[in-house]
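In: My questions concern the predicted model and sequence given below.
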Amino acid sequence: MASASASGPKGLAGRGIATFAVRAGAFGAFVAVIVYFILFAPGFTSPFNIFNVVEQSAILGVLAFGMAIVIIGGGSNITEGGIDLSMAANMGLCAAAYASLLQAGYSDLVSVAAVLLVGAVVGAVNALAVVGLGILPLLATLAVMNIAGGAELTLTENTVVPASSPLLAFLMTGRFLDVSVLAWFLILFSGLMAVAIHYTGVGLRLYAVGGHPEAARAAGLGVRRYVSLTYVFAGLCAAIASVLTVSRLSASTPGSNEMLLSILAAALLGTVFSRRFVPTVGGTLLSVLFIGFLSNGFQLLNVSSYWVNGVQGALILLVVAATSFARGQEA
Amino acid sequence: MMEKSLIRPDTISRLAGLAASYSVIIAFLAVVTFFSLSTPTFLTFANLYNVLVNNIVMLAIVALGMTLVVSSGGIDLSVGVAVDMASMVFVMLLAAGFAGPAGVVIGLAAALAVGVLNSILVTRLRISPFLATLGVLFIGQSTQQLSTGGGLPIYMTSGYPAEQFNLIARTSLAGIPTPVVILVLGIAAVYVALHRSVFGRYVLALGIQPGVAWYSGIRVSKHISWVYVACAFLAGITGIILSATVKSYVPLSGNAFLLDAIGATFIGTTLSRERRPSVLGTLLGVVLLAVVKNGLLLIGWNFYWQQVGVGVLVFLVLAVSFGLRRHLN
């Protein structure tokens, strides 16, 4: 609970060890589950299966990175921190727009450009609401989620819109060094994100903006611009993910908003891997892959897929409960 | 803000302050006027009665619980699970031949269990409310799918269960439908708890300054626990009314209340300068959402456009309130 930093100096000494123990524990929990699958799930370790999981994780990965950036730039306070509840609905809207444009005969180039624009505009609306008008992110993006979800439904009338194009065919069947394009996409995207967030000044300043906005402002950073751009970036991620999801399903399908919880789970679970409990690229990627391997392992073990949500939820609670001990009173 | 505006007489800023505080009420009046003029059926007793019984009662009870939790500085993403658990246990027990009252009591106990789990996670394990209740939401979804063969609804439209359902949903006390009576009792209870008792003062203090509240000797864990338990209990009441109204249990249907309840609670916070949740504000938020949905349906917008319409309206209310207030400060 948020009872301010009530642990005095004595907490600091043990804090380092406790933090280490928790991070090791979080890794340990992940490793234990994976080891269990390696030992007992047939075919789990085959390269085919592993790349299959990486490929399946590409969509969630792109979305989770967008969410992570918003949380980094907005701070991780529950009600006032950065969060984008509209990402999944935005992806659904973009997917519907993309499939509809292709069906109407537009080229891949035009359609992708239009979809990136749609995603960015939804993100810009969030930015305007949060930064320009000062609405709580939780609320602003909730309203935008409704609007984007409704817009998707009016566009598709709640039906499946089939789509095919050279780009989709390439994403679906293309391979390089025996690894599919989607898997490559996730690898490259993660690499780019890691460099941008952890090895450039922009990334450093983004953490500063989210960690202590007043200090960042005093240091001369354009806090409002940084926070605005995180929402636009999340919108672009939603647009990119929509192209990937249309390629995987060869159509845009209703119900994409159900991904929202997985995106949140991946982004928030990823914070456990950082020393200061803020989202990181590596941590987010690990949790995305972990969520992917979890449902994959269950499939291979022939466990009903209805267990997956519950186990995912229980693991989130387990891992986060462990971290709260390291956070001490500050949690 | 440091910069000086050239034209800002006192009256204008005072009007803007009023508009920021009462944007919900202004929106509500505008919406009611618009729908009354556009369709003759809107402002009829039959329609308003229908809105009250079908759109307001259940959402309002869940939103009252959410108001308690948000007042304490938290959030409960698992209200839908509490709704569903009460509904599931109630309907399954009736299907197994239990008596109606026993079903209600055990159903509410199932909802309470969700609240107790939340409060343990938040106060004992110190998980942030967002993550704790998110985890419970996931677990609740699995539990329901596993106990219903993947999400098959249970219908009970005849015989003893249907009679028991009608006792709850189709009776009235002194001419007032029973669910509405339950809502009024719920409003009174939450109003007293939050705005007229020591408990409420402590809860609000926790929401505003948790650190100070802790140093002042408020028993943080105890109050936070009660807030989550009460929220789940209220959601459970909605679950019972829901299954009695539709004479069935449909897995995962409680989630429909989650976002509306959060929306109504936070729309309600625009009433106060400090953005604190209040029972009155939340009820206004619920009524606004319900009236807009009903009105858009009456003027012939389909379900899809309704969603866009509600989203845009909520966005505008928030934009006016937050935007004006930021401008004034």
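Out: Cool, the structure landed. Numbers count the residues shown, from 1 in each chain, chains lettered A, B, ... in the order given.
In: quick one: pLDDT of A:Ala239?
Out: With respect to pLDDT, A:Ala239 scores 93.
In: so what's it up against?
Out: Counting by CB atoms under 8 Å, 6 or more residues apart in numbering or on different chains, A:Ala239 touches A:Asn90, A:Met91, A:Cys94, A:Val115, A:Leu116, A:Val118, A:Gly119, A:Ala120. Placement of C-beta: from N, CA and C, glycine included.
In: one more time with 10 Å
Out: A:62, A:66, A:90-91, A:93-95, A:97-98, A:112, A:114-123 (CB atoms under 10 Å, 6 or more residues apart in numbering or on different chains).
In: and the gap between B:Ser321 and chain A?
Out: The gap separating B:Ser321 from chain A is 8 Å, by CB to the nearest CB, to the nearest Å.
In: what about that residue, helix or strand, and which?
Out: Element membership for B:Ser321 (DSSP states H and E) is helix B:303-328.
In: helices and strands around that helix, which ones?
Out: Packing partners of helix B:303-328 (3 or more CB pairs under 10 Å, 6 or more residues apart in numbering or on different chains; DSSP states H and E): helix A:137-156, helix B:10-21, helix B:23-38, helix B:255-268, helix B:279-298.
In: Same list (those) but as CSV, adding mean pLDDT, mean neighbour count and distance to B:Gly211.
Out: What follows is the helices and strands packed on helix B:303-328, written out as CSV (pLDDT from 0 to 100; neighbours: other CB atoms under 10 Å in any protein chain shown; distance: least, CB to CB, whole Å):
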stretch, mean pLDDT, mean neighbour count, distance to B:Gly211
helix A:137-156, 84, 25, 22
helix B:10-21, 75, 13, 28
helix B:23-38, 87, 16, 31
helix B:255-268, 86, 25, 23
helix B:279-298, 90, 22, 26
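In: Format the ones you listed as JSON lines; extra columns: distance to A:Gly282.
Out: Shown next, in JSON lines, are the helices and strands packed on helix B:303-328 (distance: least, CB to CB, whole Å):
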{"stretch": "helix A:137-156", "distance to A:Gly282": "24"}
{"stretch": "helix B:10-21", "distance to A:Gly282": "43"}
{"stretch": "helix B:23-38", "distance to A:Gly282": "43"}
{"stretch": "helix B:255-268", "distance to A:Gly282": "32"}
{"stretch": "helix B:279-298", "distance to A:Gly282": "41"}
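In: Now do the buried residues in the helix holding B:Ser321.
Out: B:304-315, B:317-325, B:327 (16 or more other CB atoms under 10 Å in any protein chain shown).
In: Report the distance from it to the chain centre.
Out: 18 Å (CA atoms, centre = their mean, to the nearest Å).
In: quick one: that helix to helix B:255-268, angle?
Out: 30 degrees (axes from the mean of the first three to the mean of the last three CA atoms, to 10 degrees).
In: Point to the residue nearest the middle of the chain.
Out: Since no chain was named, I'll use chain A. For chain A, the residue nearest the mean C-alpha position is A:Ala64 (0.6 Å; CA atoms, centre = their mean).
In: wrong one, chain B
Out: Centre-nearest of chain B using CA atoms, centre = their mean is B:Ala63, 1.5 Å out.
In: Remind me what the helix or strand hosting it packs against, helices and strands.
Out: Here B:Ala63 sits within helix B:57-71, counting by DSSP H and E. On a contact count with 3+ CB pairs under 10 Å, 6+ apart, helix B:57-71 meets helix B:79-95, helix B:100-119, helix B:129-147, helix B:178-195, helix B:198-208, helix B:220-246, helix B:255-268, helix B:279-298.
In: Enumerate the positions of the helix or strand following the fifth one that are buried.
Out: This means helix B:198-208. Next in sequence after helix B:198-208, counting helices and strands by DSSP H and E, comes helix B:210-215. Under the neighbour-count criterion of 16+ other CB under 10 Å, helix B:210-215 has B:Pro210, B:Ala213, B:Trp214 buried.
In: Over to stretch B:52-71?
Out: B:52-53, B:55-71.
In: was I right about B:Arg275 contacting B:Arg326?
Out: No. Using CB atoms under 10 Å as the test, B:Arg275 is too far from B:Arg326 to be in contact (11.6 Å).
In: Stretch A:249-261 and chain B, are they touching?
Out: Yes. Judged by CB under 10 Å from any CB of the partner chain, stretch A:249-261 comes into contact with chain B at A:Asn257, A:Leu261.
In: Just the buried positions in that stretch, please.
Out: By 16+ other CB under 10 Å, the buried positions in stretch A:249-261 come out as A:Leu249, A:Ala251, A:Ser252, A:Thr253, A:Pro254, A:Ser256, A:Asn257, A:Met259, A:Leu260, A:Leu261.
In: Measure how far stretch B:79-89 is from the centre of its chain, please.
Out: 14 Å.
In: And for stretch B:258-278?
Out: Chain-centre distance of stretch B:258-278: 10 Å, with CA atoms, centre = their mean.
In: who touches the residue nearest to the centre of chain B in this structure?
Out: For B:Ala63, the contact set (CB under 10 Å, 6+ apart) comprises B:56, B:70, B:79, B:190, B:234-235, B:238, B:257, B:260-265, B:267-268, B:277, B:279, B:282-283, B:285-286, B:289.
In: And A:Ser46, by the same measure?
Out: A:Asn52.
In: same question, A:Val202
Out: A:Ala196, A:Tyr226, A:Leu229.
In: do you know how far the nearest residue to A:Val144 once chain neighbours are set aside is from B:Arg14?
Out: The shortest distance from A:Val144 to any non-neighbouring residue, by CB to CB, 6 or more residues apart in numbering or on different chains, is to A:Ser86 (4.2 Å). Distance of A:Ser86 to B:Arg14, computed by CB to CB, to the nearest Å: 35 Å.
In: B:Val261 contacts B:Ala82, correct?
Out: That one is not Val; residue B:261 is Ala. No. If you go by CB under 10 Å, B:Ala261 and B:Ala82 don't touch, sitting 11.2 Å apart.
In: Common neighbours of those two, please.
Out: With CB under 10 Å, 6+ apart, B:Ala261 and B:Ala82 have common neighbours B:Val62, B:Gly65, B:Asp76, B:Cys231, B:Leu234, B:Ala235, B:Thr238.
In: I'd assumed the third one was in a strand, is it?
Out: No. Secondary structure assignment places B:Asp76 outside any strand; it is coil (DSSP: H, G, I helix; E, B strand; the rest coil).
In: where does the stretch 1-150 of chain A have low pLDDT?
Out: In the predicted model of the stretch 1-150 of chain A, residues A:1-23, A:25-26, A:77-79 satisfy pLDDT under 70.
In: list the buried ones in stretch A:39-49?
Out: A:Ala41, A:Phe44, A:Asn49.
In: ends of that stretch, how far apart?
Out: End-to-end span of stretch A:39-49 (CA to CA, to the nearest Å): 15 Å.
In: That stretch: how far from the chain's middle?
Out: Taking CA atoms, centre = their mean, one finds stretch A:39-49 lying 26 Å from the centre of the chain it belongs to.
In: got it, and stretch B:47-65?
Out: Its chain's C-alpha centre and that of stretch B:47-65 lie 9 Å apart, by CA atoms, centre = their mean.
In: same check, this time on stretch B:144-157
Out: That offset, for stretch B:144-157, works out to 25 Å (CA atoms, centre = their mean).
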